[in-house]
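Chemist: need a 3D model of the following:
(chains A and B)
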Amino acid sequence: MINTINQFYTLIDPGLIFFYRLMDTPVLAYLLGTFFLSMIAVIIGELTVSIALKANMSYLTGLSSRMTQKENLAIQAYNDGDMKGYKALNKQATDAWGKKFFAMMGHSAAILWPIPFALGWMQTRFAGVDFAISFPFSLVTDSVGYTFSFFPVYVLARIVFGKIRPFLPYFSNVHKQLLKASEGAA
Amino acid sequence: MRNKFTWGVLMLLAVTVLVLLCVPGPVFADKLADAIAAAPQGTGPGQIDPSAAKGVYGIPGAPSPGLLLCFLWAIWVGWIFSTVGAFGGIMAGVGHITIYGLGAYAKTFKDTTPALNKLVTDSIRVSNQWLVGLSALVSTINYGKQKRLVTSLGFFLGIGALFATLIVVFSTAGKISFSQYQGWFGLCVFLIFAFMVYEMSPKGQASKKAAKDAAKAFENTVKTKGDIAGQGVKTLKWSVVKTQISFFGQTFSFSPIWAFVGGFLISALASFIGVGGGFLYVPFLTSVVGLPMFVVAGTSAVAVLIGMVFSIFNFMVLKGIMVYWPMIGVELIGVFVGSMIGPRTGKYIPEKVLKWIFLVLALYIGLRYTMRGFFGIAML
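Modeler: Coordinates of the predicted model:
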């Protein structure tokens, strides 16, 4: 595995490091490069999950409606003072939730799998270079590495992608389908 | 809630940029390099041959688990996640410990370089937590959008998790040998085994049947009032003794002290073993705290996420533990493929047969790891 992965990183390295050389100030260049890397990870993840959602829409909708139905009934039982019914339905909602939770975990993997590969590439470039931090953050730790600087930038990339998704060719269609499906499920 | 969530994200970003802009210069610290340098050189067990090809973590001669092996095992993990609804975290751990050969490799350094033995052991724990933490992150975002997070409950669980992970990381990181970890992992599997045995026992089955009958009876007498998700959850009163929340016109209360204690104990176990703890949070919040599933679903995902973030941060930033990223990436792809296959194939296997299979597996893994870890007895 190690050789294959190393060859892969060598192959993509010139393309990725390009984004880290767009600015002269090291920290800003680092943030901008990491933003582009994050955006690539977001797009690949979104592409994967869109395919998965198309394939599994009916299964997921079924799980959601079962869970919502049991939850609603549980709340109504509570409302009516039927504590036995509330507990029983709450338990059934728990079981339905369990199935949905693990199905969602599978889909999370589809969105997130590019992240470790991105971090793996960053490790080849930025391992050992930690960012020293000043007071008051230094009370917790005196430095953070590439891993913990990546995540907030990744979140920013996700927010930006969410805003521009309705205007992107393929993703705008997926966005519409998801909206339609969620309206249907509700 | 959505505004609060957006503000939270923006604050996080601002803090990060501020942190990075405070950089006076690079800092170099590499515990792993120090441990490798301290290991005796040679080709035997417990030695490092500098001329050997680099394996995981860049250690010369370390195992280099095949892409296909990692992928296939992760499919199995994903399949279990999606069909049984439990046991996935444990199976991910078994992959890191046994299937990929990391545990056996760590063990060779027990006497020659204990620091390396403990570093690889901690890395196994953190690798498990990355898999769980990433999944919890997505769930939390989804539940946040659906207004299903109870800030007050998440806060008290989170405080408990913070204390627990700090204590666990500082008292165990770099101090737990692989054998000890394997033994405790085995005992944790026994805990899950006990849960499963109870559920399959006549008493467990009877309570399940009674619950099913009660639910059915109620379903038959009422019609639902429509979707309640849109109404969201509100915290009415914050207090250390009793906190009240409301949704759908109903008021529920919980004891923050219990939430703190639960968050503390579950996070401590999860952080130590390297699992999420979701299998404990959900029954704890529904059965012990007595909250409805509507509240529990999202909040348990937050609790898992908070525990994982603290634990991973403490391990990686404060204790310098590293993980092998490409391995986690390949595993995520495998988990995804497995969880796609699961719902399509699992329905052909009766639930009872599935439960029996996992009962036997849990017993075997629990026994094997406990005996091997604590007593050095090797089983097949």
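
Chemist: any low-confidence regions in the stretch 151-300 of chain B?
Modeler: For the stretch 151-300 of chain B, the stretches flagged by pLDDT under 70 are B:207-233, B:247-250, B:292-295, B:297.

Chemist: repeat that with 80
Modeler: Within the stretch 151-300 of chain B, the ranges that satisfy pLDDT under 80 run B:151-152, B:173-174, B:192, B:195-196, B:198-241, B:245-252, B:274-283, B:285-300.

Chemist: what ranges do the strands span in it?
Modeler: Counting by DSSP state E, counting those that start in this stretch, residue ranges of the strands within the stretch 151-300 of chain B are B:234-237, B:243-247, B:250-254.

Chemist: ok, chain A next?
Modeler: Counting by DSSP state E, chain A has strands at residues A:130-132, A:143-144.

Chemist: adjacent strands (with direction) for the first one?
Modeler: Listed by DSSP bridges, the sheet partners of strand A:130-132 and their directions read strand A:143-144 (antiparallel), strand B:26-27 (antiparallel).

Chemist: comparing those strands by mean pLDDT, which bottoms out?
Modeler: If you rank the strands paired with strand A:130-132 by mean pLDDT, strand B:26-27 sits at the bottom with a mean of 42.

Chemist: against which helices or strands is the next helix or strand along the chain from that strand packed?
Modeler: Proceeding N to C from strand B:26-27, the next assigned helix or strand is helix B:31-38, under DSSP states H and E. Judged by 3 or more C-beta pairs under 8 Å, 6 or more residues apart in numbering or on different chains; DSSP states H and E, the packing partners of helix B:31-38 are helix B:114-145. C-beta here means a position set from N, CA and C on the backbone, and glycine is covered the same way.

Chemist: quick one: residues contacting B:G174.
Modeler: When contacts are counted by C-beta atoms under 8 Å, 6 or more residues apart in numbering or on different chains, B:G174 touches B:A115, B:K118, B:L119, B:D122, B:K319.

Chemist: tell me which of those residues is nearest to chain A?
Modeler: B:K319 (10.0 Å; C-beta to the nearest C-beta).

Chemist: next one: phi and psi at that closest one?
Modeler: Per-residue torsions, B:K319: phi -120, psi 0 (degrees, to the nearest 10).

Chemist: pretty sure it sits against B:D122.
Modeler: Yes - contact criterion C-beta atoms under 8 Å: B:K319 and B:D122 qualify, at 7.1 Å.

Chemist: overlap in contacts of the two?
Modeler: Residues touching both B:K319 and B:D122 (C-beta under 8 Å, 6+ apart): B:A173, B:G174.

Chemist: okay, and the residue in chain B positioned nearest to chain A sits in which element?
Modeler: Using C-beta to the nearest C-beta, the closest approach of chain B to chain A is made by B:S339 at 2.4 Å. Using DSSP H and E, B:S339 sits within helix B:325-346.

Chemist: which parts of that helix are buried?
Modeler: Buried residues in helix B:325-346, counted by 16 or more other C-beta atoms under 10 Å in any protein chain shown: B:325-343, B:346.

Chemist: pick out whichever of B:K319 and B:D122 has more residues nearby.
Modeler: B:D122 (28 against 17; other C-beta atoms under 10 Å in any protein chain shown).

Chemist: check contacts around the more buried one.
Modeler: Counting by C-beta under 8 Å, 6+ apart, B:D122 touches B:A173, B:G174, B:I176, B:F315, B:K319, B:I321.

Chemist: please redo it, this time with the cut-off set to 7 Å
Modeler: Residues near B:D122 by C-beta atoms under 7 Å, 6 or more residues apart in numbering or on different chains: B:A173, B:G174, B:F315, B:I321.

Chemist: helices of chain B, residue ranges please.
Modeler: Here chain B has its helices, by DSSP state H, at B:2-21, B:31-38, B:67-83, B:88-94, B:102-108, B:114-145, B:151-172, B:178-200, B:202-221, B:256-273, B:278-283, B:293-313, B:325-346, B:351-375.

Chemist: neighbouring contacts of the second one?
Modeler: Outside helix B:31-38, the residues within contact range by C-beta under 7 Å, 6+ apart are B:I48, B:Y57, B:I59, B:T113, B:A115, B:L116, B:L119, B:G320, B:M322.
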